[in-house]
Each structure stands twice: as C-alpha cells, then as structure tokens.
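**Student:** Sequence first, predicted coordinates after that:
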2 protein chains.
Amino acid sequence: MQPRRATIADVAARANVSSATVSRALAGNYPVAKDTRERIEAAVSALGYVVNAQARALAGQATRTVGIIIQEIVDPFYAFVARGVEQEAAVTGRLCLVCCTHGDPRQELAFIDLLHEQRADAVILVGGAISDKRHAGEIMARGASLRQHGGLLIHCGRATPSADIAAVEYDNEGGAFAATDHLITNGHTRILYLGGPRRMSTSADRLAGYKRALSSRNLPFDPDLVRLGAFGQPFGHTGMLEALDAGLDFTAVFAANDSTAIGAYAALSSRGLRVPEDISMVGYDDIPAARLLKPELTTVHVPLEEMGRQAVRLAAAHADGYGGGDIRLGTHLVLRDSVSAPRRKKR
Amino acid sequence: MQPRRATIADVAARANVSSATVSRALAGNYPVAKDTRERIEAAVSALGYVVNAQARALAGQATRTVGIIIQEIVDPFYAFVARGVEQEAAVTGRLCLVCCTHGDPRQELAFIDLLHEQRADAVILVGGAISDKRHAGEIMARGASLRQHGGLLIHCGRATPSADIAAVEYDNEGGAFAATDHLITNGHTRILYLGGPRRMSTSADRLAGYKRALSSRNLPFDPDLVRLGAFGQPFGHTGMLEALDAGLDFTAVFAANDSTAIGAYAALSSRGLRVPEDISMVGYDDIPAARLLKPELTTVHVPLEEMGRQAVRLAAAHADGYGGGDIRLGTHLVLRDSVSAPRRKKR
DNA sequence: CCGAATTCAGTAAGCGCTTGCTATCGGTTG
DNA sequence: CAACCGATAGCAAGCGCTTACTGAATTCGG
C-alpha cells in the first residue's frame, strides 16, 4: 500500500555513493566532501528519508532514552519530578518515556522490564514505595540486572535498599521536623498528624520527623493525634472530619502533604473553623495549589524538579562511565499564612 | 566490562534449540512443545535474558509506541490529555513518549521528526498553535510524510489544516458561547474578555463564542472589553489590574482559561473587590484548581482525558487499517459560585 | 620529485530478532 | 502399504544502520 519507506540504501543509490558514506554524512562524525554531502542531502529530502532509530540503536548506538515511572501524571508531585527529568533529558539529547502505574506495584515491575527491553539508559522510579519485602526484592533484582547490562535504576525520593540502585533523595524527615518545630515555636503543643498511607516510606519519614520534633522539645507524643490513611484530598477531608468528631484536642495540624491539607481546609471550613485563627496548619511538598488556598498554606518545599534533573545527570554520568554517588537534596519550610499562635483558653 | 548481554542465540544454545524456536516460544504465536518451552524458560531466567525491543522492532514488529507532544507537563490542561493518552496506550499495550516543547514551535517540529524516527504509531499534538502560515506548512508536510510511512499525526484540540492530519476536537466556540450566555442570562451586559494569546486558535475560538453570544442577545460588542495577552495566572493578574485601572465599565469577566481566572481573582481581591458580589467570573477548562478558588469557579468543562483516549483509539484504528474519521467532543458549562446578578446601580 | 600523511569513499561484517520455507517424525487414512 | 497430515524444529534471509578495514586520490615536507 504505502510506497516502501526509503532506506539509507535508496538515498545512497540516488546520490551515487555507498550507504556507508550516507551514514557518515548524516552522523557528521567523519569527513565527507562538501559536494558529496550536498548530493546526499538533496537525495534525502527528495526521498523524504527519515532514519530508523531502531536500526540505528541496534547497530550499536546508544538509545539515548531514559524512562521514568510515576504514579500519576496529573499529580503535581510527580509532574514536577517528571518535568525535571524531561528538561534534563532534552538538554542531554535524550528521549523521555513516561510510565504511570496508578499505584499498582505490579505495574511498576512490568514497566521496569519494559524499559529494560527498550534499552533505556536509565529508569527512574519516583516516590515512596509501599514497604513490602517481596516487592523490594523484585525491585532489587531488576536493579541488579539493569546495572549488569549497562543500565541504571534510580530511586527518586524513595528508600534505596541496594547498592545496585542509585538514589536521589531529599531530606524528608528534616522537613517534617522543621514543620513541626515551627508549629511548636508558635505555641502549639497538641498537633494532629494527618494523612499518608500506613506502610509507605514517605509517610514513615514524615511521621518520624514529627515525632523527633516533639521529643526534642520535650513534648509528649500522643498516638491518638496520628491519623494515617492516605495522601490526597479525600482522606484529608474525611480524616479531618473524623478527628473533629472524635473530639480530639489539638490546635494545629501537620498534613502529610499539601493535597491532604487541601482536604482538611475544606473540612475545617465546613465546620465553621478558620485557619489559622482556630486551627493552624502546615503541609508538605509545596505544590502550586498551596498558594491557592486561603489563607495560603505554610508548607515544606521539596526540590521536585531538581530531583528529576539530578536523576538524569546521574544517568548520564553512569552512561559516560563516571560513577557518581547518590545525591541528597535539602528541603525547607516556606512560611505563609496558615500558622498562628493557638487561641488562648481553647475549648 | 559487563558480561556481554545474553541474546536469543545464547538462550537457544543453552536450551539446545534453534533461535527460531526461542523466538517463537517467547512470542507464543506458534506451537512449541511443552518440554521445549520449559527448557527455554529455564534458560531465559538462568541467563537473565531480556529481549531487545529495538531488534524486535527492526525485524518487522510494530513499535507499539505513541508519542505525545505538549507544552508543559505540569500544566493541568496538558497533563490531563497526557493522562488520557497514557491510559489508553497502556490499555492497548503501547508505550507512550511524552515530549514537552515549552511553547517553542521549533521544538514541536523537532519532536515530530524525532518521533517519526522512532517509528511511533502516532504522534499526538496537543493544544492550540500559534497561527503562523509557515509553521502550519511545516506541520502539514510532516503530517503527510508520517501518513505516507504508515504513521499518523493527530491534532488534539487544534485546528486541522490538512486531510493528512487526524483530529480530536472539542466544541471550543460552543463552550465560550455557553459561558458568555450564562453571564448574560444573569443580567450582565458589559463583560470583560480576559486573556489568551493573540494569534492562537484556541484563543480565537473562545473569543468568537463570546462575540456570538453577545450578538445573539443583541448586545453591542465593545473592543475595549477584550484584553488579550496570554493564558495563565500572571497575565490574569496584570490584565485584570490594568482593566480596573483603565476605569473600564464591566460587571463580569470571562477568563480565557481557569489559570487566567486564578490570576484575576487575586487581582480583584487585592483591590477589595469580591466575586461574585462585585464582579462575576467564568473560566474555561475546568481544571481541579477551579474548585480550590473561593468562591468556586464557574467554568467550561473540557473532556481533556477523553480527548487523549480518543486520540489513541484513532491511532490504533489507523494502525489496524480502519480509517476512523475525526472526532469532536462536546463541552459544557459547570455551574459553581462565581456568577451572580450584577450589582444594581453600579458605580 | 618521492615517500608519507591526509582526505574521502567503498566493502562487508555484523547488531539481535522474526519468519517463510523446508525437514523430520509419529501417526492417519483409504 | 503408500500417500498424507499435523505438530515441531531448524535454516537462513533479511530488517536498516554503523563501523572497522581497505583503497585510491591528493597534498605536502624536504
């Protein structure tokens, strides 16, 4: 049906040279006489020739491809990391494959395999993982296999269980510490920790920071003030409502991430409670929506894009044979308007 | 350095069969004795064999890949389309390459070429384009080339200038008409049209809907009430401020998209004006942030994800030889809280 | 004016996988 | 009992491109 796609041989024939010469003229990595080059270029455009990346890759060139595996492309947390990856990939002349697991760990494994088959220079795994021994084992095996074959598995903001897996981390626990400490500094002593899945490293680290802040100020840790469930608006809403209905005594809430805070805001407002007059709140991640909230949300900034960029740099370094070590980026609290001193004489 | 990557030949040797048999056992599209299959599977895992997608593609298999070209991955408008594409791609067993142009038309062309080289089944171009004859010509040429080679260029929410380019559109003008009409129904006669780049089809269509609504109600069109500039929060903010400072007489604003509306909200609030008591507002796109605003934004819903899905279906149909026609989806107004009747005796 | 360096082009051997065709073998038929 | 058949397996020809090697001009130092 379609006219057979032009190959390098067709171009060569039309330009009266050998295919080797065409290849070299196209790659530009070998001297080719100007006259010859022009004839080749003419033939290329006359034929509408488009090189076949597959064939090129097969014949020994690197694929110049990185894969990124995230949960959700519309979730700003992942989107920003992806943007960093995409940016840096473009800068280093690579293509970027984006895969979304929608939270399914098996998908995660399947995508790693897929990207391995695609001979991606690196596959970047973003975000916390459920803490599951078996799954971690599967991941490790793939990390080893990838590395053995010249590729690289990179964890981005996820605990790294193996030397075969590179990592770009951020100071998750430290951010949580800072956030909690800020609340304490403002006079809060009863702080609700709201949201985040139970068995996920990201959650666990944030909770750890919260606890450490409490204890470093000699405040008691009250397990009742920890309401775990999930990241995200829905849980933020219901979780907040439940905390309120349970008659818990608290003057501030540390939301496990900004989305959770958004849900919590709504819940509070539906009960006629104001932020920060009645309840102070801090979030985590510093997604753009944090500034859309009224009052604007005080939250912990995570260098999402930069993490993505660093991951690709790691990949590039690895591909070039430099063995860069793991990377750890800082987080910091962004002060906005959702925190104030607790009301006197609460009740 | 690394142990040479195992090939199908290695597996074949270890399993005492020919590479053809291994290939067939792996593909599962040809009878292979159970015993043989098992030996092959054992060899595969013993060797840690991973098929080479490049070689497979070269040897005649389709690449099962779609490419999507968007401006910005963190912009919800694009992210939702991308999500639809990604979802449907996953369902049909395809890989999805995401490329971001950051608004540079040359990047757009470069990415089309890149994806063509990758032999993507389809390349999906999302969002309005600047209206530039020359650029449109370049795109058309690539659309033709792609189609000639068995691929397909698909425009998603962008005017389609050529029969070689497939399209998934949405009723952009109709949505704008509905939004404006809604404002008029609520008693507004002086409506500010705010935002959107000058020479972009998306902008133009929305403005056209605005004008048609006006004229269908016999209201005069006042060019002063049209403030074009760009999509996005920054312009929404400055544009709104300028309109206010110019002493323009209006009681409602139709923001070219939700981001613009977000900026406009902020500008209004910084001048002590309330929505909708002082000024009513409608947006366009219905991104999640529209519900984060207070009051929640009345806006036009665009079936972003569905557009992405449809685009991939179109691609799949094309790859299978069915020539599906272009697709056009509807839009509808989502009523929330940002519109009310204009204040009596304005001044 | 000669051997050596330099420039440019061609030959051909793969890269790893799929697949059309052929070959083998233990039954089936009529 | 011979012609056949279905189920399996192997052979070998590519898919389109890169890249050692080689070879032939051309240029250049001395």
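**Tutor:** Cool, got the structure. Just so it is clear, the model here is predicted, and its values are computed rather than measured.
**Student:** rest of the way, CA atoms for contacts and neighbours
**Tutor:** Will do.
**Student:** Number of residues surrounding A:Gly127?
**Tutor:** 21 (other CA atoms under 10 Å in any protein chain shown).
**Student:** quick one: contacts for it?
**Tutor:** For A:Gly127, the contact set (CA atoms under 8 Å, 6 or more residues apart in numbering or on different chains) comprises A:Ile70, A:Gln71, A:Tyr78, A:His155, A:Cys156, A:Gly157, A:Arg158, A:Thr202.
**Student:** Now with 10 Å, please.
**Tutor:** By CA atoms under 10 Å, 6 or more residues apart in numbering or on different chains, A:Gly127 lies in contact with A:69-71, A:77-78, A:81, A:155-159, A:169, A:200-202.
**Student:** Kindly indicate which of those lies nearest DNA strand C.
**Tutor:** Nearest to DNA strand C out of those is A:Ile69 (CA to the nearest atom of the strand; 23.3 Å).
**Student:** Can you point out the helix or strand that includes that closest one?
**Tutor:** For A:Ile69, the host element (DSSP states H and E) is strand A:65-70.
**Student:** Out of the contacts of A:Gly127, list just those in helices.
**Tutor:** If you go by DSSP state H, the contacts of A:Gly127 have A:Phe77, A:Tyr78, A:Val81, A:Ser201, A:Thr202 in helices.
**Student:** can you give me the strands in the stretch 201-347 of chain A?
**Tutor:** Applying DSSP state E, counting those that start in this stretch to the stretch 201-347 of chain A gives strands spanning A:226-227, A:252-255, A:280-285, A:298-301, A:327-329, A:332-334.
**Student:** related to what we said a few turns ago, ok, which pair from the ones in helices among the contacts of A:Gly127 is furthest apart?
**Tutor:** A:Val81 and A:Ser201 (17.8 Å; CA to CA).
**Student:** check the contacts of A:Gly127 against chain B, which are close?
**Tutor:** A:Phe77, A:Tyr78, A:Val81 (CA under 10 Å from any CA of the partner chain).
**Student:** Please tell me which one of the residues you listed counts the most neighbours.
**Tutor:** Within these, neighbour counts (other CA under 10 Å) peak at A:Val81, which reaches 28 neighbours.
**Student:** Wait, it touches A:Ile70, no?
**Tutor:** Yes: between A:Val81 and A:Ile70 a contact is recorded at 9.0 Å, counting by CA atoms under 10 Å.
**Student:** picking up where we left off before, export the ones in helices among the contacts of A:Gly127 as a markdown table, with columns for distance to B:Leu292 and pLDDT.
**Tutor:** Converted to a markdown table, the ones in helices among the contacts of A:Gly127 look like this (distance: CA to CA, whole Å; pLDDT from 0 to 100):
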| residue | distance to B:Leu292 | pLDDT |
| --- | --- | --- |
| A:Phe77 | 17 | 97 |
| A:Tyr78 | 20 | 97 |
| A:Val81 | 23 | 98 |
| A:Ser201 | 29 | 89 |
| A:Thr202 | 25 | 92 |
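**Student:** of all the residues you listed, which comes closest to B:Gly325?
**Tutor:** A:Tyr78 (34.6 Å).
**Student:** which residues does A:Arg64 contact?
**Tutor:** By CA under 10 Å, 6+ apart, A:Arg64 lies in contact with A:57, A:89, A:92-96, A:119-122, A:316, A:319.
**Student:** hmm, stretch A:54-64 touching DNA strand C?
**Tutor:** Yes: Stretch A:54-64 comes into contact with DNA strand C (CA under 7 Å from any atom of the strand), by way of A:Ala55, A:Leu58, A:Ala59, A:Gly60.
**Student:** near DNA strand C, which residues of chain A?
**Tutor:** With CA under 7 Å from any atom of the strand as the criterion, chain A comes near DNA strand C at residues A:16-21, A:31-37, A:55, A:58-60.
**Student:** Intersect those residues with the contacts of chain B.
**Tutor:** Filtering those for proximity to chain B (criterion: CA under 10 Å from any CA) leaves A:Ala55, A:Leu58, A:Ala59.
**Student:** For A:Lys346, report the pLDDT, please.
**Tutor:** Note on A:Lys346: pLDDT of 45.
**Student:** on that earlier part again, just to be sure, which of the residues of chain A next to DNA strand C are found in helices?
**Tutor:** A:Ser19, A:Ala20, A:Thr21, A:Lys34, A:Asp35, A:Thr36, A:Arg37, A:Ala55, A:Leu58.
**Student:** Just the buried ones from those?
**Tutor:** Neighbour counting with 16 or more other CA atoms under 10 Å in any protein chain shown marks A:Ser19, A:Thr21, A:Thr36, A:Arg37, A:Ala55, A:Leu58 as buried within these.
**Student:** At the contact with chain B, which residues of the stretch 201-347 of chain A appear?
**Tutor:** Proximity of the stretch 201-347 of chain A to chain B, by CA under 10 Å from any CA, involves residues A:Ile262, A:Gly263, A:Ala266, A:Pro288, A:Ala289, A:Ala290, A:Leu292, A:Leu293, A:Lys294.
**Student:** Nearest to A:Gly229 among the residues you listed?
**Tutor:** A:Gly263 (12.9 Å).
**Student:** Surely that closest one and A:Met281 touch.
**Tutor:** No: contact criterion CA under 10 Å: A:Gly263 and A:Met281 do not qualify, at 11.8 Å.
**Student:** Neighbour count: these two, which is higher?
**Tutor:** Between A:Gly263 and A:Met281, counting by other CA under 10 Å, A:Met281 is the more crowded of the two (28 against 23).
**Student:** show me what contacts that one?
**Tutor:** Contact analysis of A:Met281 by CA under 10 Å, 6+ apart lists A:179-180, A:183, A:191-192, A:251-255, A:261, A:264-265, A:275, A:295, A:297-299, A:337-340.
**Student:** what about 6 Å?
**Tutor:** Residues counted as contacts of A:Met281 (CA atoms under 6 Å, 6 or more residues apart in numbering or on different chains) are A:Ala252, A:Val253, A:Phe254, A:Ser338, A:Val339.
**Student:** Beta-bridge partners for the closest residue to it other than its chain neighbours, please?
**Tutor:** Closest residue to A:Met281 apart from its sequence neighbours, by CA to CA, 6 or more residues apart in numbering or on different chains: A:Val253 at 4.8 Å. Under DSSP bridges, the beta-bridge partners of A:Val253 are A:Leu192, A:Met281.
**Student:** Just give me the neighbour total for A:Val253.
**Tutor:** Counted with other CA under 10 Å, A:Val253 comes out at 25.
**Student:** cool, A:Leu293 as well?
**Tutor:** Number of residues near A:Leu293 (other CA under 10 Å) recorded here: 19.
**Student:** count of neighbours near the nearest residue to it once chain neighbours are set aside?
**Tutor:** The shortest distance from A:Leu293 to any non-neighbouring residue, by CA to CA, 6+ apart, is to B:Leu292 (6.8 Å). The number of residues packed near B:Leu292 is 19, by other CA under 10 Å.
**Student:** one step back: pipe the ones in helices among the contacts of A:Gly127 into CSV and attach distance to A:Glu41 per row.
**Tutor:** Formatted as CSV, those follow (distance: CA to CA, whole Å):
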residue, distance to A:Glu41
A:Phe77, 45
A:Tyr78, 42
A:Val81, 39
A:Ser201, 55
A:Thr202, 53
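**Student:** out of the residues you listed, who's nearest A:Ala25?
**Tutor:** Proximity of the ones in helices among the contacts of A:Gly127 to A:Ala25 (CA to CA) peaks at A:Val81, which lies at 37.4 Å.
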